[in-house]
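Prediction below, plus the sequence it came from.
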Amino acid sequence: MPIVSMKAVQKWYGDYHALKDVDFSVEQGERVVICGPSGSGKSTLIRCINGLETCDAGSIVVNGIELTQRAGSVAKIRSVVGMVFQQFNLFPHLSALENCTLALTEELGLTQSQADEKAMQYLSRVRIADQAAKRPAQLSGGQQQRVAIARALCLEPELMLFDEPTSALDPEMISEVLETMVSLAEDGMSMICVTHELGFAREVAHRIIFMDEGALVEARDPIGFFERPENPRTKKFLSKILR
Amino acid sequence: MKELLIDLMGAPLGTIIFQLVFAAQFTVYLSLIAFIGGGMAAIFITLARIAPYRPIRSVATGYIWLFQSTPLLMLLFLCGLGFPHLFQFQISPWTAASVALTIFTSAYLAEVWRGAIGAVETGQWEASNALNLRYVVMLRRIIIPQAVKFGLAPTVGFLVQIIKGTSLAYIIGFQDLMLIGKRWANAPVDGSEPFIIFPIMAVLYFCLCYPLALFARQLEQKALARGQ
């Protein structure tokens, strides 16, 4: 059973057709990178998966749960899907540790000490345990993004969504975040990453998807994608960014 | 205190000042009632205003729109004179003034607080949603703690507007600083001419409002400093 299966998904923003008849599925343990020019619908696509955007037509099934308008299905899906945002979206008034423990104590009913223990385990995992007491504003961008990854991991998701996780980072901080993501990949986490980091894509992706103007244009294994792209639009995109 | 003032400033002036200061306490009480009552009502209206259900939002928006675009004076007339006359019931100036100012305050504060909540970045809502936090938990732990820093200064600042707003309640016979002052100003007593009374009243209002205005500015600067 695929962990994500989208069929004939359509999305409009007013007159703007953001997703055009998208068929897309991801297998358990699979790592998919989605790339494409800005405005191509990449973010919209992954935000539909955990219900941050609603699609206008088509069906979305995540981990066997069909996404419907009913609040219950969205909550069920979100409980198995973690998400990392471009702008980190850490809670600025809470420490790194509290960012991680909040959902554990409030929603999963863990005691504070159980939650702290679990959070520290994941903060160590992203190598930032020593900064646990700091507020987001006291951390660098790369550190904040790693805390955000730990926060999502604390809920032990089946699938991680990354929405341009390195796009807001200074160049010298990109690698620490990518390394964390590579190590997640090595543990067999199912991942969907929207990213422009094609080196990362080549290294960890099972499949690379190129999107343009709201449609999936090409889906290939990394070697095929980079060396023998078929669609002229993919070729044009690659020629622009691989200089 | 009264005797002291009379000894110090002579009979009419000492008495006048004593009565004005005494009446000022009712201005303070009415302001507090309006602020506390209006604040509590505003909590519910704000929650309704941002509720995830459109009909509830519309009702709250309508309430805010209606009472924000009604002059306070009109509200006072309606509560103190209009409705009692129309429906044939008795209402004390205290009650009428409290109700009118509470409604006025609740609509205004609800709008201020909605703005403060709106100022919290959308990313905070999205992250909370992605973490599967329930709506109530999200508001209580994530959104409201951040909205407070945007809303605190304008809220305290609005207290000044309430204090000044209470001065209109004299129109329905509420015995506050304004009413007593006007009564003296109209009295045929030497030393209680309007040009003496009104400056004294202005000073008293200033003494009530200025510390609050100062406090609001301090809060604002603190919020700004924290934002950087």
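Yes, it's here.

now for the strand or helix carrying B:Ala107, which elements pack on it?
Under DSSP states H and E, the secondary-structure element containing B:Ala107 is helix B:93-118. In this structure, helix B:93-118 packs against helix B:11-49, helix B:54-68, helix B:72-77, helix B:144-166, with contacts taken as 3 or more Cβ pairs under 8 Å, 6 or more residues apart in numbering or on different chains; DSSP states H and E. (Each C-beta comes from the backbone N, C-alpha and C, glycine too.)

Mind checking the pLDDT average for it?
Mean per-residue pLDDT for helix B:93-118: 94.

before we move on, what about stretch A:216-236?
Averaging pLDDT along stretch A:216-236 yields 90.

ok, back up a step: buried ones in the helix holding B:Ala107, by neighbour count?
Using 16 or more other Cβ atoms under 10 Å in any protein chain shown as the test for burial, helix B:93-118 gives B:93-94, B:96-114, B:116-117.

what do you get for stretch B:215-225?
B:215-216, B:219-220.

then that stretch to CSV, C-alphas only?
Taking C-alpha atoms only, stretch B:215-225 is exported to CSV below (Å, rounded to 0.1, in the frame of the first residue of the first chain):
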residue,chain,number,x,y,z
PHE,B,215,2.1,53.2,30.7
ALA,B,216,0.8,52.3,27.2
ARG,B,217,3.8,54.0,25.6
GLN,B,218,6.1,52.1,27.8
LEU,B,219,4.4,48.8,26.9
GLU,B,220,4.6,49.7,23.3
GLN,B,221,8.3,50.3,23.5
LYS,B,222,8.9,47.1,25.3
ALA,B,223,6.9,45.2,22.7
LEU,B,224,9.0,46.9,20.0
ALA,B,225,12.2,46.0,21.7
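
circling back to that earlier point, report the next helix or strand after the helix holding B:Ala107 in sequence order.
Later in the chain than helix B:93-118, the nearest helix or strand by DSSP H and E is helix B:122-130.

which bits of chain A sit near chain B?
A:50-52, A:75, A:78-79, A:81-83, A:85, A:87, A:89-93, A:102-103, A:106-107, A:148, A:151-152, A:155 (Cβ under 8 Å from any Cβ of the partner chain).

mind checking the end-to-end distance for stretch B:179-197?
12 Å (Cα to Cα, to the nearest Å).

Find the helix or strand that A:Val182 is a member of.
helix A:171-186.

Endpoints of stretch B:163-183, how far apart?
20 Å.

Same question for that stretch: list its buried residues.
Using 16+ other Cβ under 10 Å as the test for burial, stretch B:163-183 gives B:163-172, B:174-182.

residue ranges with poor pLDDT in chain B?
Applying pLDDT under 70 to chain B flags the ranges B:226-228.

From A:Leu104, how far off is the residue lying closest to B:Pro194 once chain neighbours are set aside?
Spatial nearest neighbour of B:Pro194, excluding adjacent residues (Cβ to Cβ, 6 or more residues apart in numbering or on different chains): B:Ala185 at 4.3 Å. Noted for B:Ala185: a distance of 66 Å to A:Leu104, by Cβ to Cβ, to the nearest Å.

So those two - more neighbours on which side?
Neighbour totals were compared for B:Ala185 and A:Leu104, and A:Leu104 leads with 22 against 18 (other Cβ atoms under 10 Å in any protein chain shown).

what sits against A:Lys236?
By Cβ atoms under 8 Å, 6 or more residues apart in numbering or on different chains, no residues touch A:Lys236.

secondary structure element for it?
Judged by DSSP H and E, A:Lys236 forms part of helix A:232-241.

now swap in A:Leu155 and tell me
Counting by DSSP H and E, A:Leu155 is part of no helix or strand.

How about A:Phe162?
With DSSP H and E as criterion, A:Phe162 is part of strand A:159-163.

From the rest of the structure, what touches that strand?
With Cβ under 8 Å, 6+ apart as the test, strand A:159-163 has contacts from A:3-4, A:26, A:43, A:46-47, A:49-50, A:62-63, A:80-86, A:152-153, A:181, A:184, A:189-195.

now with 6 Å?
A:3, A:43, A:46, A:81-86, A:189-194 (Cβ atoms under 6 Å, 6 or more residues apart in numbering or on different chains).

Let me know the closest of those residues to chain B.
A:Met83 (4.0 Å; Cβ to the nearest Cβ).

Which helix or strand contains the closest one?
strand A:81-84.

helices or strands up against that strand?
helix A:141-153, strand A:159-163 (3 or more Cβ pairs under 6 Å, 6 or more residues apart in numbering or on different chains; DSSP states H and E).

mean confidence for it?
96.

Show me what the next helix or strand after it is packed against.
Counting by DSSP H and E, the next helix or strand C-terminal to strand A:81-84 is helix A:96-106. In terms of contacts (3+ Cβ pairs under 6 Å, 6+ apart), helix A:96-106 is packed against helix A:112-125, helix A:141-153.

Can you check what angle separates the helix holding B:Ala107 from helix B:144-166?
Helix B:93-118 runs at 150 degrees relative to helix B:144-166, counting by axes from the mean of the first three to the mean of the last three Cα atoms, to 10 degrees.

now the angle from helix B:93-118 to helix B:54-68?
Interaxial angle of helix B:93-118 relative to helix B:54-68 (the same axes, to 10 degrees): 130 degrees.

give me the number of residues near B:Ile143?
Count around B:Ile143 with other Cβ under 10 Å applied: 20.

Repeat that for the one 3 residues further on.
For B:Gln146, the count of nearby residues is 18 (other Cβ under 10 Å).

How about the contacts made by the residue nearest in space to the middle of chain B?
In chain B, the centroid-proximal residue (Cα atoms, centre = their mean) is B:Ile162; its distance is 2.8 Å. Applying Cβ under 6 Å, 6+ apart to B:Ile162 gives the contacts B:31, B:34-35, B:105.
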